[in-house]
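Return atomic coordinates for the entry below.
(one chain, ligands or ions: 1)
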Amino acid sequence: MNDVLFQGIGMTSRRTRDRLISRLREQGISNEQVLVTVRDTPRHIFIDEALSHRAYEDSSLPIGFNQTISQPYIVARMTELLLEDGPLETVLEVGTGSGYQTAILAQLVGQVYSVERIRGLQEKARKRIQQLRFRNVMFRHTDGGMGWPDKGPFDGIMITAAPEQVPEELLTQLKVGGVMVLPVGDGNSQVLMRVRRTGDEEFERETLENVRFVPMLAGTVR
Ligand code: SAH
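You can find the predicted model right below:
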């Protein structure tokens, strides 16, 4: 990824993006590869034009269908947690949304499989990812609670909508040695969790900071 992506699509100054990165550093993000990727990824592409002037603020923003693009801090944090044990070849992302987190992952892992329950969002995200010329992303319109069994098991799974409990089906689609990062909880109280599959039937769970995500819902929307 380089500055060419910023040309002709609303050049956002390097200084504005550097400011965002300093802020993420202050908040404790320390993986340099993640920081550079966030700095160099054009977030304004993933937001409607009316809001794109706010693309490099550290806030979540509406993307339609009652959903939001995650705050850069949380995208960086979840990505660094996912990658902490080393590089990953295959990653399942549940909750494509705008496709911004997908674009970050596409630059840091081998292959991304991204699923979204709302077709309208999935189609927009697919176009954006094509526009950025990433060739290592596959999309599917489905209820992510089912995962993507044909493509699994995965080295990593990232869920960007909050289920009330860790989805059992998705644990079965994690490789032994694999890692899942997700928010868990109800509308009022959610925590970020990391689950490592340490054996066939063995999982290690860590509970991290409080977070706020839209709920993970069952079924699909046309
Ligand atoms: N990472 C995205 C987050 C979008 S919000 C971004 O930054 O843009 C969470 C997304 O999860 C929404 O688009 C919502 O429709 C989707 N979602 C919720 N439940 C889901 C499910 N069961 N399967 C797939 N996607 C789901």
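
all contacts plus neighbour counts: C-alpha atoms, from now on.
Will do.

any idea how far residue 72 is from residue 57?
Distance of residue 57 to residue 72, computed by CA to CA, to the nearest Å: 8 Å.

Which one of those two is surrounded by more residues?
Counted by other CA atoms under 10 Å, residue 57 and residue 72 do not tie: residue 72 has more neighbours, with 23 against 18.

Surely the more buried one touches residue 59?
Yes - with contact defined as CA atoms under 8 Å, residue 72 reaches residue 59; the gap is 6.8 Å.

Stretch 154-169: end-to-end distance?
Across stretch 154-169, first to last residue, CA to CA, it's 13 Å.

Same check on stretch 34-50?
27 Å.

What residues sit buried inside it?
Buried positions in stretch 34-50, judged by neighbour count with 16 or more other CA atoms under 10 Å: 34-35, 37-47.

Which members of these occur in helices, if any?
34, 35, 37, 38, 39, 40 (DSSP state H).

can I get the residues you listed in CSV with pLDDT and distance to the ligand?
As requested, those are exported to CSV (pLDDT from 0 to 100; distance: CA to the nearest ligand atom, whole Å):
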residue, pLDDT, distance to the ligand
34, 98, 15
35, 98, 16
37, 97, 15
38, 96, 12
39, 94, 15
40, 93, 16
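
Out of the residues you listed, flag the one nearest to residue 152.
Among those, residue 34 lies closest to residue 152 (CA to CA), at 24.5 Å.

That closest one and residue 78 touch, don't they?
No - look at residue 34 against residue 78 with CA under 8 Å: they stay out of range, at 10.1 Å.

any idea which helix or strand carries the residue nearest in space to the middle of the chain?
Nearest residue to the geometric centre of the chain (CA atoms, centre = their mean): residue 101, 3.4 Å. Using DSSP states H and E, residue 101 falls within helix 100-106.

What is that helix packed up against?
Helix 100-106 sits against strand 111-116, with contacts defined as 3 or more CA pairs under 8 Å, 6 or more residues apart in numbering; DSSP states H and E.

what helices or strands is the strand it packs on leaning on?
The elements that strand 111-116 packs onto, with contact taken as 3+ CA pairs under 8 Å, 6+ apart, are strand 90-94, helix 100-106, strand 137-141.

ok, the first one near the ligand or not?
Yes - judged by CA under 6 Å from any ligand atom, strand 90-94 and the ligand are in contact via residue 94.

With just CA atoms, put the helix or strand of the chain with the lowest mean pLDDT into CSV.
Every helix and strand of the chain was ranked by mean pLDDT, DSSP states H and E. The lowest is helix 14-26, at a mean of 94. C-alpha atoms of helix 14-26 as CSV (Å, rounded to 0.1, in the frame of the first residue of the first chain):
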residue,chain,number,x,y,z
ARG,A,14,0.3,12.4,5.6
ARG,A,15,0.3,14.7,8.7
THR,A,16,-3.4,13.9,9.4
ARG,A,17,-2.7,10.2,9.2
ASP,A,18,0.5,10.5,11.3
ARG,A,19,-1.5,12.3,14.0
LEU,A,20,-3.9,9.3,14.1
ILE,A,21,-1.0,6.9,14.5
SER,A,22,0.6,9.0,17.3
ARG,A,23,-2.8,8.8,19.1
LEU,A,24,-2.9,5.0,18.7
ARG,A,25,0.6,4.7,20.0
GLU,A,26,-0.3,6.8,23.1
